[in-house]
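1. Below is the structure, and that's it, no one-letter string:
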């Protein structure tokens with residue numbers, strides 16, 4: 001990859017809201033053409049409406065856990081843009097309200113892993129041929145929950161831990177043609193990065209910011225900046241790594257007083 005991103009093409013899954021929307025915006029500002037995959041069709045349409053230059057944006061209301069939909073989407077992206085240079089596996093799903101493991105349903109467990117882990121596998125599998133032609137890059141959006149947990153988060157933690165492992169496995173399998181890295185965000189405030197029907201100002205307290213050594217809760221742009229770097233030639237010697245981006249929160253000792 002050349003050092004510039006102008007004219008290159010990225011696929012961002014879960015790219016219509018939250019961290020994914022921040023990544024989509026950053027890549028467009030970097031000059032890329034962006035395909036946005038998201039199960040929420042309404043959020044996808046808002047992304048198109050937000051950018052006057054709709055020629056650089058394509059939306060796909062796709063469930064990344066369904067292989068046929070993923071394969072068809074990759075084909076349509078290459079047909080429309082002629083290439084694919086970067087895949088950002090960001091689509092994520094949580095159980096909702098945490099429940100004890102003894103009452104966690106198998107359906108809920110499977111749905112979380114299907115989206116968070118299997119979806120990244122399927123998108124990577126079907127994007128490899130196109131990415132290899134351009135010595136492209138994959139960035140998997142994992143989570144600090146891959147390294148630490150609160151009670152009743154088994155499905156989400158397992159899916160994100162698996163995603164970190166998938167990252168270094170793919171890096172070895174696909175190198176040197178394709179670099180693969182992961183980012184594990186910590187607390188990122190995304191309330192005002194949702195579709196209109198769900199968008200609201202984050203309700204953050206001084207105590208919330210103070211938990212972070214940098215003095216604030218994270219923003220989608222904090223993750224998007226690193227994504228932009230990792231898919232560029234400037235990161236050409238970086239692969240198989242997991243970058244924790246959490247304002248230092250996982251490095252802070254906390255004692256109960």
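-> Yep, that arrived. Because the structure is a prediction, the values reported are computed rather than measured. Numbering: from 1, shown residues only.
2. So which elements touch the one helix or strand residue 243 maps to?
-> For residue 243, the host element (DSSP states H and E) is strand 242-245. The helices and strands touching strand 242-245, judged by 3 or more CB pairs under 8 Å, 6 or more residues apart in numbering; DSSP states H and E, are helix 154-174, strand 179-185, helix 220-230. C-beta: built from backbone N, CA, C; applies to glycine.
3. and it, which strands flank it?
-> Strand pairing for strand 242-245, determined by DSSP bridges: strand 179-185 (parallel).
4. Which strands and helices lie in contact with whichever helix or strand comes after the strand it pairs with?
-> Once the chain leaves strand 179-185, the next helix or strand it forms, by DSSP H and E, is helix 206-210. Applying 3+ CB pairs under 8 Å, 6+ apart, one finds that helix 206-210 contacts no other helix or strand.
5. quick one: buried residues of helix 206-210?
-> Using 16 or more other CB atoms under 10 Å as the burial criterion, none of the residues of helix 206-210 qualify.
6. Likewise for stretch 60-67?
-> Buried residues in stretch 60-67 (16+ other CB under 10 Å): 60-62, 64-65.
7. again with stretch 190-207
-> In stretch 190-207, counting by 16+ other CB under 10 Å, buried: 190, 193-195.
8. State the mean pLDDT of it.
-> What stretch 190-207 shows for mean pLDDT is 81.
9. can you list contacts of that stretch?
-> 16-19, 21-22, 40, 42-43, 46, 189, 217, 220 (CB atoms under 8 Å, 6 or more residues apart in numbering).
10. my guess is residue 149 contacts residue 157, does it?
-> Yes: taking contacts as CB atoms under 8 Å, residue 149 lies within contact range of residue 157: 5.0 Å.
11. more neighbours, the two?
-> Neighbour comparison, residue 149 and residue 157: the larger count goes to residue 157, with 19 against 14 (by other CB atoms under 10 Å).
12. Correct me if wrong: the more buried one contacts residue 144.
-> No: assessed by CB under 8 Å, residue 157 is found out of contact with residue 144, at 9.8 Å.
13. hang on, the earlier thing: turn the buried residues of stretch 190-207 into a markdown table, columns for distance to residue 124.
-> Formatted as a markdown table, the buried residues of stretch 190-207 follow (distance: CB to CB, whole Å):
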| residue | distance to residue 124 |
| --- | --- |
| 190 | 24 |
| 193 | 25 |
| 194 | 27 |
| 195 | 27 |
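14. Let me know the closest of those to residue 231.
-> residue 193 (20.3 Å; CB to CB).
15. Now do the contacts for the residue nearest to that closest one when sequence neighbours are not counted.
-> Of all residues not flanking residue 193 in the chain, residue 21 sits nearest, at 4.9 Å (CB to CB, 6 or more residues apart in numbering). Applying CB under 8 Å, 6+ apart to residue 21 gives the contacts 15, 47, 193, 220.
16. Just the mean pLDDT for the strand or helix carrying residue 21, thanks.
-> Using DSSP H and E, residue 21 falls within helix 18-29. For helix 18-29, mean pLDDT rounds to 95.
17. tell me what the next helix or strand after that helix is packed against?
-> The first helix or strand that comes after helix 18-29 along the chain, using DSSP H and E, is strand 33-37. Secondary-structure packing of strand 33-37 (3+ CB pairs under 8 Å, 6+ apart): strand 9-13, helix 18-29, strand 57-60, helix 67-81.
18. Present those as TSV; the columns should include distance to residue 182.
-> Converted to TSV, the helices and strands packed on strand 33-37 look like this (distance: least, CB to CB, whole Å):
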stretch	distance to residue 182
strand 9-13	14
helix 18-29	13
strand 57-60	23
helix 67-81	19
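19. I'm done for today, thanks for sticking with me.
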